[in-house]
Structures are given as C-alpha cells and as structure tokens.
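>>> model the structure of this input:
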Amino acid sequence: MKKTAMIFQGIVFLTMASFASLTSCQKELQSPIAASQKTNAKSSLNVIASGDTLLNVTYESGTLNSGITGLGSTSASAPDAAYMISPGKTGNYGIAHKVVLDDTAYLSAGQPRSESDALGITNARFQPGYARRYEFSVLLKDWTTWTSSMPADADILFQAKPTSGGPFFFIAAKRNAIVFRHGATAQDNLVSDYTSYINQWIDFRVDVLWSNSGTGTYSVYTRLPGGNYTLKAQYSNESNYSSTSAYGYIKWGLYRADQSTANGSVTTRIAYHDNISIIAL
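Model prediction:
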C-alpha cells in the first residue's frame, strides 16, 4: 500500500511539472490595459508579442484589399478613385488613390478623399498602452509642385485616428515638403523638399507608444531613394491617445480636406502606396 501511494505521488509531481513547463513557454499578453484582447464576440484570446507582424499589405494579390479580409478600400464612387499599379515598390503591385476636386465622385463623407483603411482588422487596431511600428511606402505621381500663389494645402497620405474624431497624427504633403503633424500644432518636416523625389518611392516609419496619461512617445523616420532610415522627429511624455473612442486605426491614400479649385488648389492629385505594415513593439 505504501509503495502504491509513492508511485501515485510521483505521477502527480511529473504531471504538474509538465504542465508548468508548457505554460511557461506561452507568449504573454502584449496589452497592459486588459487581461486579454478579444478578436470577436467570443472569449477567444488574441495573444500578441513584441516583434509580431499584425498587418502586412503588399498588394501582391493584385486586388484592392490585398487579399486580406476586412481591409477597406475607397468609399469614393469614381471607378479610378483607387486602382492597382504595376510594378509596386518591391513587387508586382501597389495601389493608387486619386482625387479630383469639385467632382462628387471623389467625395467620401462629404470630403474630397480616397483612402484605404484597416478599421475592420482587429489586430491592426490600437488602444492606450499599445506600442506599435507603422511603415509604408509612398510615391507622389506626377505631383504638381507648390508655388507661393497657391494655398498651403495639406494632402494627407497616412493617418492614425480614433473611430470618432480627427487624427492623432498624420503624414502629409504640404507646400513642397512632407510633414509629420500631431496634436494641435506640432509639425516636423520629414522631407524638407520633395520636388527631387516626385515619381520615386519614399519610405516612412513611425514608432508609437499610445498613451492617454502623458507617457506616450513618437519616433518618426524617413528613408529616401537609395538611402537609409533617418530619424526626423521624436517626442516623449505625450498624451497621444486623446479620445474616448474604444480604439484607433490607420488609413492611407489621399485626403484633401476642404480643398477646392476656387481657392487655387491643384485639381487632380494621385498618390501610390505599397508595403503598409504594423509591427508590435
């Protein structure tokens, strides 16, 4: 009887050790704001670790949604508001977004814009406490340069925003520069003069720690054709998630807010995008 009890205790010890070994190898949840993130209405865990690629839009499917369920394309009705281009930055395909001012076919929610978005992809969303890297490549197609007689329009190429309200940050072509804008007034030149790079691909990277309590950070990099990534803007101690929205998401394309030819704005703009990615930090 004593021998049988000892054998049983040994089995229990080995079983518990094996279970502990298995659980210690699992990833920890990335989000510090909740015990788990939900991928849908069910209580399934969305486990994210630093270095995980959460979104990778290459357009190599040759389709506007890059073959990714939930990826949104333009809401503008014009047939050429968004279309495939070939080649892309690094592969066979990329996407073009086109906006023609004073033409209702290029309006979305009452504004001249044509944008794709990751709103419908759970892993691509963000909340306070999330650390994320956003990367994308952009080409200003046959871009008309700015002169002093023209308004200082901002043609938004990429933005991160809540589900309700304006963007937390955006990257835009403004005058003859490409700028990073966040908060009420903070603005930095990522490309001081893009005129030498029209019809060439430029890469951007934005590392963000999202915060609604003054601990947020931004590090913004630019890579010009043939060069390396260079740090162009850096901020810390930011409350960069200034919204009551449950989560935020990214958009890319062209958003030409409040522009019109009557004010002297350029009638037609086209921007190419490729290699949009989100990586957990």
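>>> and the spatially closest residue to Q127 that is not a sequence neighbour, what is it in contact with?
Sequence neighbours aside, Y247 is the residue nearest to Q127 in space, at 5.1 Å (criterion: CB to CB, 6 or more residues apart in numbering). C-beta: built from backbone N, CA, C; applies to glycine. Shown in contact with Y247 (CB atoms under 8 Å, 6 or more residues apart in numbering): 125-127, 162-163.
>>> for those, pick the one with the most neighbours.
Of all the contacts of Y247, the most densely surrounded is F126 (24 neighbours; neighbours counted as other CB atoms under 10 Å).
>>> hmm, it is touching S211, no?
No - using CB atoms under 8 Å, F126 makes no contact with S211, being 11.0 Å away.
>>> mutual contacts of those two, please.
Shared contacts of F126 and S211, counting by CB under 8 Å, 6+ apart, come down to Y241.
>>> strands along the stretch 151-281 of the chain, start to end?
Taking DSSP state E, counting those that start in this stretch, the strands of the stretch 151-281 of the chain run over residues 154-162, 169-174, 177-182, 186-191, 201-209, 216-223, 230-238, 248-255, 268-280.
>>> please write out the alpha-carbon positions of the third one in PDB.
When you say that, I think you mean strand 177-182. Extracted in PDB, the C-alpha atoms of strand 177-182 (Å, rounded to 0.1, in the frame of the first residue of the first chain):
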ATOM      1  CA  ALA A 177       7.500  69.300 -48.000                       C
ATOM      2  CA  ILE A 178       6.300  66.100 -46.500                       C
ATOM      3  CA  VAL A 179       5.400  66.700 -42.900                       C
ATOM      4  CA  PHE A 180       4.500  64.800 -39.700                       C
ATOM      5  CA  ARG A 181       1.700  66.500 -37.700                       C
ATOM      6  CA  HIS A 182       0.300  65.600 -34.300                       C
END
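>>> begin at 596 from now on, thanks
Got it, the first residue is 596 from now on, which makes the last one we talked about strand 772-777.
>>> can you give the contact residues for it?
If you take CB under 8 Å, 6+ apart as the criterion, strand 772-777 is touched by 749, 752, 763-768, 782-789, 797, 801, 813, 815, 817, 827-828, 830, 833, 835.
>>> swap in 7 Å and give it another go.
Residues outside strand 772-777 that contact it (CB atoms under 7 Å, 6 or more residues apart in numbering) are 763-767, 782-789, 813, 815, 828, 835.
>>> repeat that for stretch 740-760.
With CB under 7 Å, 6+ apart, stretch 740-760 has contacts from 729, 731, 733, 762-771, 790, 838, 840, 842-847, 849-851, 854, 858-860, 864, 866.
>>> of these, keep whichever come out buried.
The neighbour count (16 or more other CB atoms under 10 Å) marks 729, 731, 733, 762-771, 838, 842-847, 849-851, 854, 860, 864, 866 as buried among the contacts of stretch 740-760.
>>> can you list the contacts of Y842 in TSV and add distance to G667?
Below are the contacts of Y842 laid out as TSV (distance: CB to CB, whole Å):
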residue	distance to G667
R720	13
F721	16
Q722	20
P757	16
T758	13
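>>> doesn't N687 make contact with I680?
No - look at I680 against N687 with CB atoms under 7 Å: they stay out of range, at 9.9 Å.
>>> look at those two and report which has more neighbours.
Legend: neighbour count by other CB under 10 Å for I680 and N687, higher for I680 (17 against 14).
>>> which residues does the more buried one form beta bridges with?
For I680, the beta-bridge partners are G689 (DSSP bridges).
>>> wait, what's in contact with it?
For I680, the contact set (CB under 7 Å, 6+ apart) comprises 688-691, 867.
>>> re the thing from before, among the contacts of strand 772-777, name the buried ones.
763-767, 784-786, 789, 813, 815, 828, 835.
>>> need the max-distance pair from those.
Farthest pair in the buried ones among the contacts of strand 772-777 (CB to CB) is Y789 and N835. Separation: 25.5 Å.
>>> low-confidence ranges in the stretch 646-795 of the chain?
Applying pLDDT under 70 to the stretch 646-795 of the chain picks out no residues at all.
>>> let's see it at 90
Low-confidence segments of the stretch 646-795 of the chain, defined by pLDDT under 90: 778-780.
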